[in-house]
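> Whatever this is, show me its structure:
(chains A and B)
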There are 2 protein chains.
Amino acid sequence: MEAGALQPAAVGTMSFEAALSRARDVVEAELRRALAGEDGPVARAMLYACEGGKGLRGFLVLEGARLHGLSESRAAPVAAAIEALHAYSLIHDDLPCMDDDDLRRGRPTVHRQWDEATAVLAGDALQSLAFELVARAPLPPEARATLVLTLAQAAGVRGMVGGQALDIAAETAPAPLTLDQITALQARKTGALITWSAAAGARMAGADTAPLLAYGDALGLAFQIADDLLDMEGDAATVGKATHKDAAAGKATFVSLLGLDAARSRANSLVQQACDALALYGAEADTLREAARFVTSRRK
Amino acid sequence: MEAGALQPAAVGTMSFEAALSRARDVVEAELRRALAGEDGPVARAMLYACEGGKGLRGFLVLEGARLHGLSESRAAPVAAAIEALHAYSLIHDDLPCMDDDDLRRGRPTVHRQWDEATAVLAGDALQSLAFELVARAPLPPEARATLVLTLAQAAGVRGMVGGQALDIAAETAPAPLTLDQITALQARKTGALITWSAAAGARMAGADTAPLLAYGDALGLAFQIADDLLDMEGDAATVGKATHKDAAAGKATFVSLLGLDAARSRANSLVQQACDALALYGAEADTLREAARFVTSRRK
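Predicted structure coming up:
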């Protein structure tokens, strides 16, 4: 199916805030169902780590699916999968041997709430759960296999994990990273999963992924610049995690390289780029456009 | 396809030792190809962790595929996937916050050779790689989706990770585990992946998985009892990892609960059970029968 020849959307558009809140509920219900009957510390830590986030990635999956005429119930396991995968990455990034963070989403990190072994295992099991959820979504086998393949690539050493490795290496590098290097690093560390989430609906429908991939790439980079702005301007109580860490560590960020004003302006032009990429979808994609504006205006 | 109505095997049977060695080569080539061009520490640690093992799981995949008339090249990515997943589990199990081991397969563990962050990330990326390899194997989409689903279940909180969590919890439990509890724990910790490997070939072919599942279950338990025997009787130089750890830690094992002779006899009867489960396959399954005998006679 071409992106230009859309099926009627399964449900009408709602406001971004309503759609985001709805996506969080759908994802949480799906994860609780997936872990029903498991009551050990690892399963409890898995659910804990999935709570309290914005749910942006799950929202992107559901909204992209809706744009392609797929019902919420068919897309829900895929939305839950990306939130599970994202939560795994946060648990492991927060470990003492990585970023050593005590606070995440306004609560103790998993290794502080439980212990390091539970944190490693909960992250590991969340990654497995992500692939399990995609593999048993009520979608054609070809779509499931493609979603698994692209998710694994986005998550792995050429994607998110590779970006995190570059980020850690940068801390001990002789010179701060250049703008090109940071852009490449962030495209892997945070961009890959956001882009995957945006394009998942088109993949489910076997449609052209190009518009949503372009939207996701611009959104992902805008998201990261906004994160750097929050790290510089926010306080931990509002943001829900430690702030001013990058400056304290002498790390190059979009803000340190571009300056506050230019970073803000770059983020805004990426938002415009993201919105423009959705032209083919017309007004049906307005909620995704709102999402793009949200990522640069958020306070946490 | 029914297990009773087998396609002619793609290649003839070879001796177990030759087939095991061949499987190691096939897996290594597949993993090197998958990581070609990646030369950072994480990618190097991923390959390092996949080297030097017996390669039993990859062999089981290839041999099960051969039994169902599937060529080596179609099964090779799936064989590489299970070895990647197994290697990830070893890297994370060896971490200081888990079993805290310095030696694995006769070499320093990944966190000793590099550092903990690299070990966490290499394990994480190996898990992603496992699902990537299965998802892009040259097999029908339905088979790939089923293999991903069952692998994710075998690896996750209801499978391998859950077993490892039980194992860690047992260390601080007030009473040693009973035989039933250890059997259930090991069925998840080591059994789930071995059983998955054994049944993968039938899944690839869309054939009845029951005989190979029964074979895998018996083999997995025999394997674990043999491991406990090695821990009791072996020395680290031969086994390639620390031995006598369980007794030193006061942990209940098959050997501590059954005694040496009864444990050995139980392992042997499980080997017989594994061989019997292959009756439908006739002489074509002789290499798998040799494999079952091997796991209880191995010295490492």
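> what about the stretch 201-300 of chain A, any weak spots by pLDDT?
For the stretch 201-300 of chain A, applying pLDDT under 70 flags the ranges A:234-249, A:299-300.
> can you give me the helices for it?
Under the criterion DSSP state H, counting those that start in this stretch, the stretch 201-300 of chain A carries helices at the ranges A:210-233, A:236-239, A:245-248, A:254-258, A:260-276, A:286-297.
> Of all those helices, which one is nearest chain B?
Using C-beta to the nearest C-beta as the criterion, the shortest distance between chain B and the helices of the stretch 201-300 of chain A is 16.3 Å, found for helix A:245-248. The way it works is simple: take the backbone N, C-alpha and C, and place the C-beta from them, glycine included.
> Pop out the phi and psi values for A:D100.
With angles defined as degrees, to the nearest 10, A:D100 sits at phi 50, psi 60.
> got a list of what it touches?
For A:D100, the residues meeting the contact criterion (C-beta atoms under 8 Å, 6 or more residues apart in numbering or on different chains) are A:D94.
> rerun that using 6 Å as the cut-off
Contact analysis of A:D100 by C-beta atoms under 6 Å, 6 or more residues apart in numbering or on different chains lists nothing.
> Check whether A:G191 sits in a helix, strand or coil.
Using DSSP: H, G, I helix; E, B strand; the rest coil, the secondary structure recorded for A:G191 is helix.
> which of the helices of the stretch 201-300 of chain A is buried the deepest?
Neighbour counts averaged per stretch over the helices of the stretch 201-300 of chain A are highest for helix A:210-233, at a mean of 22; criterion: mean count of other C-beta atoms under 10 Å in any protein chain shown.
> which other helices and strands contact that one?
For helix A:210-233, the helices and strands in contact under the criterion 3 or more C-beta pairs under 6 Å, 6 or more residues apart in numbering or on different chains; DSSP states H and E are helix A:192-205, helix A:254-258, helix A:260-276, helix A:286-297.
> Contacts made by the second one with the rest, please.
To tie it back to what came earlier, the one meant is helix A:254-258. For helix A:254-258, the surrounding residues in contact (C-beta under 6 Å, 6+ apart) are A:L179, A:I225, A:D228, A:M232, A:A263.
> so how far is A:D228 from the residue lying closest to the first one once chain neighbours are set aside?
Just to be clear, that refers to A:L179. Closest residue to A:L179 in three dimensions, ignoring its sequence neighbours and counting by C-beta to C-beta, 6 or more residues apart in numbering or on different chains: A:L257, at 5.1 Å. Separation of A:L257 from A:D228 (C-beta to C-beta, to the nearest Å): 9 Å.
> What lies in contact with the stretch of helix or strand A:Q181 belongs to?
The secondary structure element spanning A:Q181 is helix A:179-186 (assigned by DSSP states H and E). Contacts with helix A:179-186, where a contact means C-beta under 6 Å, 6+ apart, come from A:G163, A:L166, A:D167, A:Q224, A:L257.
> quick one: which of the helices of the stretch 201-300 of chain A is nearest B:R33?
Closest to B:R33 of the helices of the stretch 201-300 of chain A, according to C-beta to C-beta: helix A:210-233, at 25.7 Å.
> what's the burial count for the residue lying closest to A:D217 once chain neighbours are set aside?
In this structure, A:D217 finds its nearest non-sequential neighbour in A:T195, 5.4 Å apart by C-beta to C-beta, 6+ apart. Taking other C-beta atoms under 10 Å in any protein chain shown as the neighbour definition, A:T195 ends up with a count of 26.
> Now do the contacts for A:T195.
A:G216, A:D217, A:G220 are the contacts of A:T195 under C-beta under 6 Å, 6+ apart.
> Likewise for A:A200?
A:V61, A:G64, A:V78.
> cool, A:A218 as well?
Going by C-beta under 6 Å, 6+ apart, the list of residues near A:A218 reads A:L270, A:Q273, A:A274.
> Take the helix holding A:Q181, keep the C-alpha atoms, and write them as CSV.
What follows is helix A:179-186 as a C-alpha-only set of coordinates in CSV (Å, rounded to 0.1, in the frame of the first residue of the first chain):
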residue,chain,number,x,y,z
LEU,A,179,29.0,18.4,16.2
ASP,A,180,29.1,15.8,13.4
GLN,A,181,30.3,13.1,15.9
ILE,A,182,27.6,14.0,18.5
THR,A,183,24.9,14.0,15.8
ALA,A,184,26.1,10.5,14.6
LEU,A,185,26.3,9.3,18.2
GLN,A,186,22.8,10.5,19.1
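> Tell me the residues of chain A that contact chain B?
If contacts are counted using C-beta under 6 Å from any C-beta of the partner chain, the residues of chain A sitting beside chain B are A:38, A:40, A:42-43, A:92, A:97-98, A:116-117, A:120-121, A:124-125, A:127-129, A:131-132, A:135-136, A:141-142, A:144-145, A:148-149, A:152-153, A:155-157, A:161, A:165, A:168.
> Now render the contacts of A:T195 as CSV, adding distance to A:V295.
Compiled in CSV, these are given as follows (distance: C-beta to C-beta, whole Å):
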residue, distance to A:V295
A:G216, 12
A:D217, 13
A:G220, 9
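> low-scoring stretches of the stretch 1-150 of chain A, by residue?
For the stretch 1-150 of chain A, the stretches with pLDDT under 70 are A:1-13.
> gap between stretch A:172-190 and the chain center?
Using C-alpha atoms, centre = their mean, to the nearest Å, the distance from the centre of stretch A:172-190 to the centre of the chain it belongs to is 19 Å.
> cool, and stretch A:85-92?
Relative to where its chain is centred, stretch A:85-92 has its mean C-alpha point 10 Å off (C-alpha atoms, centre = their mean).
> what do you get for stretch A:183-191?
For stretch A:183-191, the distance from its own C-alpha centre to the chain's C-alpha centre is 12 Å (C-alpha atoms, centre = their mean).
> avg pLDDT for it?
Across stretch A:183-191, pLDDT averages out at 96.
> In the stretch 201-300 of chain A, what residue lies closest to chain B?
Among the residues of the stretch 201-300 of chain A, A:G206 lies nearest to chain B; the distance is 11.6 Å by C-beta to the nearest C-beta.
> hang on, the earlier thing: can you redo the helices of the stretch 201-300 of chain A as JSON lines, where the extra columns are distance to B:L280?
Listed next are the helices of the stretch 201-300 of chain A as JSON lines, based on distance: least, C-beta to C-beta, whole Å:
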{"stretch": "helix A:210-233", "distance to B:L280": "48"}
{"stretch": "helix A:236-239", "distance to B:L280": "61"}
{"stretch": "helix A:245-248", "distance to B:L280": "61"}
{"stretch": "helix A:254-258", "distance to B:L280": "62"}
{"stretch": "helix A:260-276", "distance to B:L280": "57"}
{"stretch": "helix A:286-297", "distance to B:L280": "54"}
